[in-house]
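1. This is the structure alone, sequence omitted:
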């Protein structure tokens, strides 16, 4: 797994941030910062080799990822403005400028602010869907699946198991806690201004996130009270509060921890959003705010793939791409916009650049399948998520078994034998099938966020 950065927001959203009071704007900037990073799991190399980048792809990558946030293309903004009817174009004919702004509405800034809280009301996360192997004890599992129920179930989406403690404490203390992790944690995206004294003795103002650590302490922690107190103090210095749930006083500690969590402004907002249905104006605002983010992530990954696989940059190349959209739509607009950008770059350059043809299939959740962002002149059909053709992504198990039995040598005269090459192809297909069938699809069908 690797971490990437890319985020795109329409200018109307950025203008709302600029118009807010300082405290509210600081909270919103914190939310935006928290959405710039995303994790990628891939079976293929991504990103190309340093110093050997195809120049057109390098420019595309810079356009997509530099800025944090960047603005989407005019094509994307037009699709969003025309599709949802909540944005109006404002032009400056003298300067040749244009901008899309939200139509005046008293609650639009609040809805845009709310949309940046990534909590899905459809997601339940039972033991099969949660990352249960990271829970190290039955106490932790009991806390997640027995205590976080009903109105507190949304916390399952936010609490991260086994986060490294070095990523929480201040850098000057990190070396004291190498390879140590916390049981559960949630980082609160809202930024806070605090004053610190740097290593030169000067006082300066910085913006920091805060967070909560939840430690599920079994009987063994009775022997490590001093170590726990030191960890708690260093976490507090970094503006993280530690909540302990001890086996000896479990229910009382749980009640005390929930009392603290339930008065935090960020978690209060997340709880409220977890009860909203994905309908009406709220669903439209989610797409207006979040679809550009998803589009930029998807474009970033495709360009990274092409940087590592420049063999696809020719007239005969065709990529077949399947996109599973569990939430806001992004696939069709990401691909069509990227192809448009490739054409524009080619027109500006004397060097040849051929963007591959893309055969696209999109599978969407029921809530967003009829989105205006799924409509294109190419009439790409968007299918229901449940119709994803698992049976078409298989391979001949018997052929692989037979080839392994009859192969006598992997190499002959220093070259890979034809049978070895066939086995390698079949194994790659098997790995792809297993990854698709047992990693991607279960998460998607169980409503876990997946690209």
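-> Received the coordinates, thanks. Nothing here was measured: the structure is a model prediction, and the numbers come from that model. Numbering: from 1, shown residues only.

2. From here on, just use CA atoms for contacts and neighbour counts.
-> OK.

3. list the helices and strands the helix or strand where residue 25 lies packs on?
-> Taking DSSP states H and E as the criterion, residue 25 maps to helix 22-34. Packing partners of helix 22-34 (3 or more C-alpha pairs under 8 Å, 6 or more residues apart in numbering; DSSP states H and E): helix 11-19, strand 181-197.

4. next helix or strand past it?
-> Under the assignment DSSP H and E, the closest C-terminal helix or strand after helix 22-34 is strand 37-40.

5. Contacts for that next one, please.
-> Contacting residues not belonging to strand 37-40 are listed as 1-6 [C-alpha atoms under 8 Å, 6 or more residues apart in numbering].

6. quick revisit: of all the helices and strands packed on helix 22-34, which one is nearest residue 284?
-> Closest of these to residue 284 is helix 11-19, at 13.7 Å (criterion: C-alpha to C-alpha).

7. returning to what we had before: among the helices and strands packed on helix 22-34, which is nearest residue 294?
-> For the helices and strands packed on helix 22-34, proximity to residue 294 was assessed by C-alpha to C-alpha; helix 11-19 is nearest, at 15.2 Å.

8. what helices or strands is the closest one leaning on?
-> Under the contact rule (3+ C-alpha pairs under 8 Å, 6+ apart), helix 11-19 is packed against helix 22-34, strand 97-102.

9. Now do the strands in the chain.
-> The residue ranges that make up the strands of the chain, judged by DSSP state E, are 2-5, 37-40, 87-92, 97-102, 160-164, 181-197, 203-217, 240-246, 318-325, 357-364, 382-384, 411-412, 415-416.

10. which of the ones you listed has the lowest average pLDDT?
-> In terms of mean pLDDT, the lowest-scoring of the strands of the chain is strand 411-412 (a mean of 71).

11. Okay, now the unreliable bits of the stretch 201-350 of the chain?
-> Per-residue confidence for the stretch 201-350 of the chain (pLDDT under 70) gives these ranges: 219-223.

12. ok so, going back, adding distance to residue 55 and neighbour count, write the contacts of strand 37-40 out as TSV.
-> Listed next are the contacts of strand 37-40 as TSV, based on distance: C-alpha to C-alpha, whole Å; neighbours: other C-alpha atoms under 10 Å:
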residue	distance to residue 55	neighbour count
1	26	8
2	24	9
3	23	9
4	20	14
5	20	17
6	19	25
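
13. Nearest to residue 291 among those residues?
-> residue 6 (12.7 Å).

14. ok, now how distant is the residue nearest to that closest one when sequence neighbours are not counted from residue 53?
-> Once its chain neighbours are removed from consideration, residue 6 has its nearest residue in residue 65; the separation is 4.8 Å (C-alpha to C-alpha, 6 or more residues apart in numbering). Counting by C-alpha to C-alpha, to the nearest Å, the gap between residue 65 and residue 53 amounts to 16 Å.

15. out of those two, which sits in the more crowded spot?
-> For residue 65 against residue 53, the residue with the higher neighbour count under other C-alpha atoms under 10 Å is residue 65, and the figures read 20 against 16.

16. Tell me the predicted confidence for that one.
-> Per-residue confidence at residue 65 stands at 88 (pLDDT).

17. swap in residue 407?
-> According to the prediction, residue 407 has pLDDT 71.

18. thinking it is in contact with residue 419, fair?
-> Yes - using C-alpha atoms under 8 Å, residue 407 makes contact with residue 419 at a distance of 6.7 Å.

19. and the two? which has more neighbours close in?
-> Neighbour totals were compared for residue 407 and residue 419, and residue 419 leads with 17 against 13 (other C-alpha under 10 Å).

20. Just give the number of residues close to the closest residue to residue 235 other than its chain neighbours.
-> The spatial neighbour of residue 235 that comes closest, neighbours along the chain excluded (C-alpha to C-alpha, 6+ apart), is residue 169 at 5.4 Å. Other residues near residue 169 come to 23 when the count uses other C-alpha under 10 Å.

21. now do residue 88
-> The criterion is other C-alpha under 10 Å. On that basis, residue 88 has 16 neighbouring residues.

22. which residues does it bridge with?
-> Using DSSP bridges, the beta-bridge partners of residue 88 come out as residue 101.

23. Enumerate every residue touching it.
-> With the criterion set at C-alpha under 8 Å, 6+ apart, residue 88 makes contact with 81, 100-103.

24. Only the buried subset of the residues you listed, as a PyMOL command please.
-> Here is the PyMOL command that picks out the buried ones among the contacts of residue 88, judged by 16 or more other C-alpha atoms under 10 Å:
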select buried, resi 81+100+101+102
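
25. re earlier: which pLDDT does the model give the residue nearest to residue 235?
-> Per-residue confidence at residue 169 stands at 91 (pLDDT).

26. ok, now how distant is it from residue 210?
-> Distance check for residue 169 against residue 210: by C-alpha to C-alpha, it reads 11 Å.

27. Overlap in contacts, those two.
-> By C-alpha under 8 Å, 6+ apart, residue 169 and residue 210 have these common neighbours: residue 238.

28. Which residue is the nearest non-sequential neighbour of residue 187?
-> Closest residue to residue 187 apart from its sequence neighbours, by C-alpha to C-alpha, 6+ apart: residue 211 at 4.3 Å.

29. does the one you found have beta-bridge partners, and which?
-> Under the criterion DSSP bridges, residue 211 forms beta bridges with residue 187, residue 240.

30. Assess the claim that it and residue 188 are in contact.
-> Yes - with contact defined as C-alpha under 8 Å, residue 211 counts as touching residue 188 (5.0 Å).

31. So between the two, which is more surrounded?
-> The residue with the greater number of neighbours, taking residue 211 and residue 188 and applying other C-alpha under 10 Å, is residue 188; the counts read 21 against 18.
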